[in-house]
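1. sequence below, structure please.
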Amino acid sequence: MALSETAEKAIVAYGGRLLWQSARRVEAEVSVTGLAFTLKWRPFFRHAKLVEEVRRPFSRITPIGRRPGISGVLEGGDVRLEDERGKVVSERPNARDYFTVGRRLFWWDDLDMAYFSNYAFWNYMTLPAMLMNEEISWTELEPGLLRASFPDKIPSHSRIQQFRFDLDSGRLIQHDYTADIISPLATAANVVLNHAKNADGLVYASERRVTPRSPQGKPLPLPVLIHIKVHDYRLIS
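-> Numbers count the residues shown, from 1 in each chain. Presented below is the predicted three-dimensional model:
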């Protein structure tokens with residue numbers, strides 16, 4: 001698959017094609033706050049542990065809620081809760097189908113949060129690999145700006161999204177999408193505030209802020225829907 005100059009530069013910026021082709025998973029530690037959690041009556045993530053598989057939509061967050069030993073797991077379009085021994089506590093196949101109406105407008109349970117947060121982090125944490133994913137259609141709209149068209153089989157915020165990269169460094173600046181499971185009006189600008197390097201010298205987006213997006217595509221200053229701080233990030237081959 002031929003990629004645009006912007007996509008190729010981004011892959012290099014985040015470690016290179018060979019590194020990501022040999023990678024099996026991402027392991028990270030994150031803290032997340034913001035109004036989106038409060039509106040759904042969810043606790044914030046405080047140094048939660050993430051595991052993301054690189055080649056398929058699989059993500060695990062521990063803890064997912066108020067119970068310290070309970071993990072939320074996404075596998076494809078299904079979600080489940082597991083205890084410390086890996087025993088399934090509860091599960092929900094085809095989780096996206098449950099977000100149409102009802103109490104999810106007002107509050108989310110652990111399985112709801114497991115679906116939303118896991119697919120979001122799988123998208124965010126494996127971005128260089130996603131650029132090489134032949135199931136996602138990438139179009140360069142202008143230098144530095146890519147449009148992605150996601151297939152239904154890949155859980156994500158919305159089918160059409162835009163990614164803006166710095167022309168010089170190749171690093172991600174802004175990720176635009178609509179959080180469809182929240183509302184068709186939930187247009188968001190996910191702005192990368194900082195990058196960092198881990199102990200292996202790998203560059204990663206270490207801080208993000210999500211706010212509503214104006215009709216002109218600009219991030220609004222408030223409210224802060226999601227604020228993400230990545231404390232640790234490792235790529236495992």
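
2. when you work out contacts or count neighbours from here on, use the C-alpha atoms and nothing else.
-> Noted.

3. what does the residue of the chain positioned farthest from its centre show for phi and psi?
-> Within the chain, the residue lying farthest from the chain centre (Cα atoms, centre = their mean) is residue 85, at 25.9 Å. Here is the backbone geometry of residue 85 (degrees, to the nearest 10): phi -90, psi 0.

4. how much space separates it from residue 227?
-> 31 Å (Cα to Cα, to the nearest Å).

5. again with residue 99
-> Applying Cα to Cα, the value for residue 99 to residue 227 is 23 Å.

6. who has more neighbours, these two?
-> residue 227 (19 against 16; other Cα atoms under 10 Å).

7. neighbouring contacts of stretch 84-91?
-> Residues outside stretch 84-91 that contact it (Cα atoms under 8 Å, 6 or more residues apart in numbering) are 69-71, 78-83, 111.

8. and if you look at stretch 18-31?
-> By Cα under 8 Å, 6+ apart, stretch 18-31 touches 44-55, 125-126, 128-129, 228-237.

9. which of those fall in strands?
-> 45-53, 228-236 (DSSP state E).

10. which of these are buried, as a PyMOL select command?
-> For the buried members of the ones in strands among the contacts of stretch 18-31, the matching PyMOL selection, counting by 16 or more other Cα atoms under 10 Å, is:
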select buried, resi 45+47+48+49+50+51+52+53+228+229+230+231+232+233+234+235
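
11. ok, back up a step: which of the contacts of stretch 84-91 fall in helices?
-> residue 111 (DSSP state H).

12. the contacts of stretch 84-91 in strands, which ones?
-> 71, 78-82.

13. okay, residue 77 and residue 93: tell me how far apart.
-> 7 Å.

14. neighbour count: these two, which is higher?
-> Between residue 77 and residue 93, residue 77 has the larger neighbour count (other Cα under 10 Å), namely 20 against 14.

15. so the more buried one versus residue 154, what's the distance?
-> Residue 77 is 8 Å from residue 154, by Cα to Cα.

16. count of neighbours near residue 223?
-> As a measure of burial, residue 223 has 12 neighbours, counting by other Cα under 10 Å.

17. got the contact list for residue 140?
-> Contacts of residue 140 by Cα under 8 Å, 6+ apart are 4, 6, 146-147.

18. low-confidence stretches in the chain?
-> For the chain, the stretches flagged by pLDDT under 70 are 1.

19. ok, which stretches of it are strands?
-> Using DSSP E, strands in the chain cover 25-33, 45-53, 58-62, 71-75, 78-82, 88-92, 137-142, 145-149, 160-165, 172-178, 187-197, 203-212, 226-236.

20. using CSV, lay out those together with distance to residue 119.
-> Converted to CSV, the strands of the chain look like this (distance: least, Cα to Cα, whole Å):
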stretch, distance to residue 119
strand 25-33, 14
strand 45-53, 10
strand 58-62, 7
strand 71-75, 7
strand 78-82, 10
strand 88-92, 14
strand 137-142, 18
strand 145-149, 16
strand 160-165, 14
strand 172-178, 13
strand 187-197, 15
strand 203-212, 16
strand 226-236, 15
